[in-house]
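# dropping a prediction and its sequence here:
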Protein chains: 2
Amino acid sequence: MSLATGFGSADDSPGLLLWQVTNHWQAAQRAALKPYGLTHVQFVLLASLSWLQAQEAPGPVTQRRLAEHAATDPMMTSQVLRTLEARGLVTRLPHPHDARARAVTATEEGAALADQAIAVVEACDADFFSPLSEEVALFTRALRTLRPT
Amino acid sequence: MSLATGFGSADDSPGLLLWQVTNHWQAAQRAALKPYGLTHVQFVLLASLSWLQAQEAPGPVTQRRLAEHAATDPMMTSQVLRTLEARGLVTRLPHPHDARARAVTATEEGAALADQAIAVVEACDADFFSPLSEEVALFTRALRTLRPT
DNA sequence: TGTCGATAGTAAGCGCGCATACTATATGGA
DNA sequence: TCCATATAGTATGCGCGCTTACTATCGACA
């Protein structure tokens, strides 16, 4: 309502808290992934791509499908995948049946790196959310409620 | 643990959910603040500055103190304040007792804009978290637990 | 009084996160 | 067959969020 009640401290606003906690979490992820030379988003896309490849889906994985699965912006997905391609972690070959699309695959090196990073990231996550202990299930459910469709 | 269990879907990871939900929330804030020509961070700093000014603290508000209060990066705070200064919403005069520091104040226009925006942002927040209904208190408490010291 | 560590602020730069606008191709229907 | 619409992907640009490195000043202490 007023300045004094509304924004005196972030304690009042779940939104501000959400923002601050997420920044804190991203910092933890950044630190955990630093030894692998990966950013958080690079890791998510690489790991998601590895997983999608392993699925028995029809046709090769396109950038669009990867972006949809990882819930990332298609534009950013394009940029990040080109970075990963430049580092030899993914390939972006022309799609066999759709001249507009790319067939994206993780290279052996990329998949191996993702496998290593996944363990570290999961440990980092577990540590980050450990203060919640049993409440983490409730917390996760709340987040799922707020997630965009 | 493995690709299949660890990153098949964001449902599994509170971290990924946190990230996605925050992006979603930021989009809502962006839309709500668009009519005022403010970004989320600009709004937070402007509103926090207005609040700090109203407090009976010793000496003028410095960028450092504002950044600390809003839990924002000092470098970013500097940038954003210069943007707000260019738009006439804040002033950044030399500090009377410390030649290193700036005495930051919200202009009348800035304070008025903040007051208007606060109402809209609070409504936006209430709407965003309404799916949680009563659980919002629990959710906020969990976030506070995870907040950096 | 001089100097030395701590502090306020900024320059430059990278990687998202997203908005806008564009090209090229695919696809369904007359 | 031709065309309208939808779709895959990219160029450009802005605003964070943060890192590193730097200047200038302050405060404490000998």
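Sure, I can see it.
# which regions of chain A sit below the pLDDT cut-off?
For chain A, residues meeting the criterion pLDDT under 70 lie at A:1-11.
# one more pass at 80, please.
For chain A, applying pLDDT under 80 flags the ranges A:1-12, A:149.
# does the longest helix belonging to it reach DNA strand C?
Secondary structure of chain A read by DSSP state H shows that its longest helix is helix A:108-129. No: Helix A:108-129 lies out of reach of DNA strand C by Cβ under 7 Å from any atom of the strand, never closer than 13.1 Å. In short, each C-beta sits where N, CA and C put it, glycine included.
# can you tell if that helix touches DNA strand D?
No: Helix A:108-129 is not in contact with DNA strand D by Cβ under 7 Å from any atom of the strand; minimum separation 13.7 Å.
# show me where chain A has its helices.
A:3-6, A:14-33, A:40-54, A:63-70, A:74-86, A:108-129, A:136-146.
# now the longest one, how far from the chain's geometric center?
A distance of 11 Å separates the centroid of the chain from that of helix A:108-129, by Cα atoms, centre = their mean, to the nearest Å.
# now the angle from it to helix B:14-33?
80 degrees (axes from the mean of the first three to the mean of the last three Cα atoms, to 10 degrees).
# now for helix A:108-129, which elements pack on it?
Contact partners of helix A:108-129 among helices and strands, from 3 or more Cβ pairs under 8 Å, 6 or more residues apart in numbering or on different chains; DSSP states H and E: helix A:14-33, helix A:40-54, helix B:3-6, helix B:14-33.
# just put these in TSV and tack on mean neighbour count.
Conversion of the helices and strands packed on helix A:108-129 to TSV gives the following (neighbours: other Cβ atoms under 10 Å in any protein chain shown):
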stretch	mean neighbour count
helix A:14-33	20
helix A:40-54	23
helix B:3-6	15
helix B:14-33	20
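# in a markdown table: those helices, plus distance to DNA strand C.
Listed next are those as a markdown table, based on distance: least, Cβ to the nearest atom of the strand, whole Å:
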| stretch | distance to DNA strand C |
| --- | --- |
| helix A:14-33 | 7 |
| helix A:40-54 | 3 |
| helix B:3-6 | 19 |
| helix B:14-33 | 4 |
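# please identify which of those helices is closest to residue A:135.
helix B:14-33 (10.7 Å; Cβ to Cβ).
# any residue of the closest one up close to chain A?
Yes: residues of helix B:14-33 contacting chain A under Cβ under 8 Å from any Cβ of the partner chain: B:14-22, B:24-26, B:29.
# for the closest residue to residue A:60 other than its chain neighbours, give me its contacts.
The spatially closest residue to residue A:60, leaving aside those adjacent along the chain, is residue A:103, at 3.6 Å (Cβ to Cβ, 6 or more residues apart in numbering or on different chains). Going by Cβ atoms under 8 Å, 6 or more residues apart in numbering or on different chains, residue A:103 touches A:60-62, A:91-96.
# of all the helices of chain A, which one is nearest residue B:137?
Among those, if distance is taken as Cβ to Cβ, the winner is helix A:14-33, at 9.2 Å.
# what helices and strands are in contact with the closest one?
Helix A:14-33 sits against helix A:40-54, helix A:108-129, helix B:14-33, helix B:108-129, helix B:136-146, with contacts defined as 3+ Cβ pairs under 8 Å, 6+ apart.
# could you report the neighbour count for residue A:82?
By other Cβ atoms under 10 Å in any protein chain shown, 14 other residues sit near residue A:82.
# what sits opposite the closest residue to it other than its chain neighbours in the beta ladder?
In space, residue A:82 comes closest to residue A:92 once its chain neighbours are excluded; the distance is 7.3 Å by Cβ to Cβ, 6+ apart. For residue A:92, the beta-bridge partners are residue A:104 (DSSP bridges).
# contacts only, for residue A:92.
Counting by Cβ under 8 Å, 6+ apart, residue A:92 touches A:63, A:81-82, A:85, A:102-104.
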